[in-house]
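Student: this one's sequence-less:
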Ligand code: GBH
């Protein structure tokens, strides 16, 4: 047979924002330096058996000391933006009270280095590293944490707001609620199941209060990074579709609708939240300049089964109103996640259909995959497929303004430790040497030509 014709080149509108993402706890290291306080992840990782490979986030990629080298990698890659996170315990070591100027100095240097390299800084104010002092008194289960988060946000905006124009409040409050407080696989390791829901409300409130704090300092370009994915019913039986609808409610709608529509999607769920929430919803739904989506994969859900099921690496207790089912017939990433690019098109179209004019312009704030190796054709195929799926959604009228790859560097992949490598750049964890992968060179070409 004749060889397949080469695929059409990827083309994106002029001004489309290309970026890569990281987070503080996953790359910085230097956990005891310059007055940084401990985070809930430091504490969690120090507990026996929490991290798969027995590692901890004390050094990770040592970005705190090597940020100049990493900024040079960003410049060479040619991306217009870099999404990183600011570590709350560096800036306010106890989570509340005194601001640590030396902690802010680091981000000051990073922002200046980025701007000098022609890369726009896009800080996320919270990517799961709650100050341990706040976690010890309940963390996001408590309303005060949202207020302390807003005060910290103000301190960051006061220092960086003359040079940073685009901000992200929270990363994936859904995962912190589910994995951190619900199932216990992430810090702080609580297993509260549905009693974790106050952590969702307080993060959403923290988001709203942070938006207020940023607006008060003149910010005009604010978003959030929420994780979303289509939920596929295991069959069209009423039991399976009902279970899938519930999961969709919990992971997608619970975190999108308070922000976009100013209400919780379901009365039963709202009853589990610390009420009354009506005034909070006004704060939470203050208009955003754009809405960030982290997309990894769809989830297939069926009616509950009698046996406990494994999900996200944890044994689920019996009695939940849904059960995850395997998505078969798809390639899998190193992590075992199914590769389903067209579900990104489906997700974006469903957001457009559900939220219409209430949905501001969208940015894909994370998308990526774990594979080993410096030659990584699987990652290239993954990113290429997802960019084409994104383009399809844009051609169908979804207003998408940017796309950020997770991640610039191999890094500390939470409960997996260093075993899962998401980077465009390989990190040798003994020498800390950085080596750009084939996917880095591929993305550089895409960005240059798109
Ligand atoms: C993000 O979360 C985080 O923001 C980031 O810090 C992290 O490093 C990155 O992604 C990679 O993990 O078992 O097939 O059902 C990811 C959210 C939720 C995506 C769970 C994968 C499970 C896949 N993840 N989901 S499956």
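Tutor: Perfect, I can see it now. Only a predicted model underlies this, so the values are computations on that prediction, with no experimental measurement involved. Residues are numbered from 1 along each chain as shown.
Student: where does the stretch 301-450 of the chain dip in pLDDT?
Tutor: 308, 312-313 (pLDDT under 70).
Student: now the helices: where do they sit in it?
Tutor: With DSSP state H, counting those that start in this stretch as the criterion, the stretch 301-450 of the chain has helices at 342-355, 377-395, 438-449.
Student: Can you list the buried residues in the longest one?
Tutor: I take that to be helix 377-395. Across helix 377-395, burial judged by 16 or more other CB atoms under 10 Å covers 378-394. All C-beta spots, glycine's among them, are computed from the backbone N, C-alpha and C.
Student: for stretch 20-33, same thing?
Tutor: Across stretch 20-33, burial judged by 16+ other CB under 10 Å covers 20, 21, 22, 23, 24, 25, 26, 27, 28, 29, 30, 31.
Student: got it, and stretch 71-85?
Tutor: For stretch 71-85, a neighbour-count test (16+ other CB under 10 Å) marks 71, 73, 74, 75, 77, 79, 80, 81, 82, 83, 84, 85 as buried.
Student: Which helix or which strand is home to the first one?
Tutor: When secondary structure is defined using DSSP states H and E, the element that contains residue 71 is helix 63-77.
Student: Specify the angle between that helix and helix 438-449 in degrees.
Tutor: Helix 63-77 runs at 50 degrees relative to helix 438-449, counting by axes from the mean of the first three to the mean of the last three CA atoms, to 10 degrees.
Student: Could you number the chain from 14 rather than 1 from now on?
Tutor: Taking 14 as the first residue, the last one we looked at is helix 76-90.
Student: packing partners for helix 76-90?
Tutor: Contacts defined by 3 or more CB pairs under 8 Å, 6 or more residues apart in numbering; DSSP states H and E place helix 76-90 against helix 114-129, strand 447-449, helix 451-462.
Student: Whichever helix or strand comes after the longest one vs helix 114-129, what angle?
Tutor: The reference is to helix 114-129. Per DSSP H and E, the first helix or strand lying C-terminal to helix 114-129 is strand 133-139. Interaxial angle, strand 133-139 versus helix 114-129 (the same axes, to 10 degrees): 150 degrees.
Student: And the next helix or strand after strand 133-139, what's buried?
Tutor: Toward the C-terminus, strand 133-139 is succeeded by helix 145-148 as the next helix or strand (DSSP H and E). By 16+ other CB under 10 Å, the buried positions in helix 145-148 come out as 145, 146, 147, 148.
Student: likewise stretch 63-81?
Tutor: Of the residues in stretch 63-81, 63-64, 68-70, 72-77, 79-80 count as buried by neighbour count, 16+ other CB under 10 Å.
Student: Can you add pLDDT and give these back as TSV?
Tutor: Formatted as TSV, the buried residues of stretch 63-81 follow (pLDDT from 0 to 100):
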residue	pLDDT
63	97
64	98
68	97
69	97
70	97
72	98
73	98
74	98
75	98
76	99
77	99
79	99
80	99
